[in-house]
Each structure stands twice: as C-alpha cells, then as structure tokens.
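Novice: turn this into a structure:
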Amino acid sequence: MHVNKREEAFDSVGALDRVCGDIDLLLDLSEMLRTQSNESIAAMLECINAANFSDLSHKAHSLKSALGNLGAQTAYSTAQKLEVAAENQASSEAESLILILSENINEFWQAFSDFCSAQGKQI
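Specialist: Model (predicted):
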C-alpha cells in the first residue's frame with residue numbers, strides 16, 4: 001500500500017479515532033498544538049544554545065506527544081529522533097532535527113488545513 005506525503009504528514013483516520021470522530025474537538029486540540037509547537041521550537045533552539053539537553057529532551061517529548069495525538073506522523077517521528085539526540089547530547093544532530101521538525105510541522109499544517117477544508121471546516 002502506497003502512502004502519499006500528505007498522509008504521512010497527517011493521519012486523519014487515526015486523529016479522528018483518537019477524538020471519537022469529534023472534528024470540533026480535533027480543531028480545538030489543533031489550536032493548542034499550534035501555540036505549543038511555535039513556542040516549543042523557539043524554546044528548543046534556546047536549549048541548544050544553552051547546551052541544556054535535559055530540558056531539550058523534555059520539550060521534545062512533550063511536543064512529540066501532542067503531535068502524536070493529532071496524527072502528525074512525520075513530525076512525531078522527527079520529535080522522537082530529537083528526543084533521543086537530546087538524551088545523547090548530540091548538539092549538531094539535535095539542531096538539524098529541530099529545523100527538520102519545523103518543516104514537518106509546516107507540512108502537517110498544510111495537510112491538516114486541506115483535510116479541514118474537505119470537511120467544510122476552517123482552522
């Protein structure tokens with residue numbers, strides 16, 4: 001079975017399953033993720049600059065959980081790799097993964113927006 005890039009960025013079936021089909025709840029959760037993801041990316045970059053790998057690991061874990069709940073599969077996978085890189089204190093790898101994670105989150109938002117439009121909803 002072939003999965004396209006949009007389906008990798010956003011698992012709509014899984015996300016809807018986690019909210020028992022309640023698209024309005026999914027939209028509410030997405031707004032919380034939007035705020036958290038923007039703040040988390042900035043905070044994680046600060047952690048890299050301060051070589052604070054413990055906080056980086058915690059922030060990556062927290063964001064990973066939120067991404068997973070909303071079906072952001074690719075971003076979830078990258079956040080998981082970032083969490084491991086932070087635990088290993090791999091500064092260069094972690095910094096690269098933060099940039100990739102930011103791109104993955106943007107891809108998620110595009111796929112999520114497309115999904116919402118198809119459902120007659122706006123984000």
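Novice: show me where this protein has helices.
Specialist: With helices called from DSSP state H, the chain shows them at 5-9, 12-18, 23-50, 53-69, 73-87, 91-118.
Novice: let me know which of the ones you listed is tucked in deepest.
Specialist: helix 73-87 (a mean of 22; mean count of other C-beta atoms under 10 Å). For every residue, glycine as well, the C-beta is placed using N, CA and C.
Novice: packing partners for that one?
Specialist: Helix 73-87 sits against helix 5-9, helix 53-69, helix 91-118, with contacts defined as 3 or more C-beta pairs under 8 Å, 6 or more residues apart in numbering; DSSP states H and E.
Novice: dump the C-alpha coordinates for that helix into PDB.
Specialist: As requested, the backbone C-alpha atoms of helix 73-87 are provided in PDB (Å, rounded to 0.1, in the frame of the first residue of the first chain):
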ATOM      1  CA  GLN A  73       3.100  11.200  11.900                       C
ATOM      2  CA  THR A  74       6.200  12.600  10.200                       C
ATOM      3  CA  ALA A  75       6.700  15.300  12.800                       C
ATOM      4  CA  TYR A  76       6.100  12.800  15.600                       C
ATOM      5  CA  SER A  77       8.900  10.600  14.200                       C
ATOM      6  CA  THR A  78      11.300  13.600  14.000                       C
ATOM      7  CA  ALA A  79      10.400  14.700  17.500                       C
ATOM      8  CA  GLN A  80      11.200  11.200  18.700                       C
ATOM      9  CA  LYS A  81      14.600  11.300  17.000                       C
ATOM     10  CA  LEU A  82      15.200  14.800  18.500                       C
ATOM     11  CA  GLU A  83      14.400  13.400  22.000                       C
ATOM     12  CA  VAL A  84      17.000  10.700  21.500                       C
ATOM     13  CA  ALA A  85      19.600  13.100  20.200                       C
ATOM     14  CA  ALA A  86      19.000  15.300  23.200                       C
ATOM     15  CA  GLU A  87      19.400  12.400  25.600                       C
END
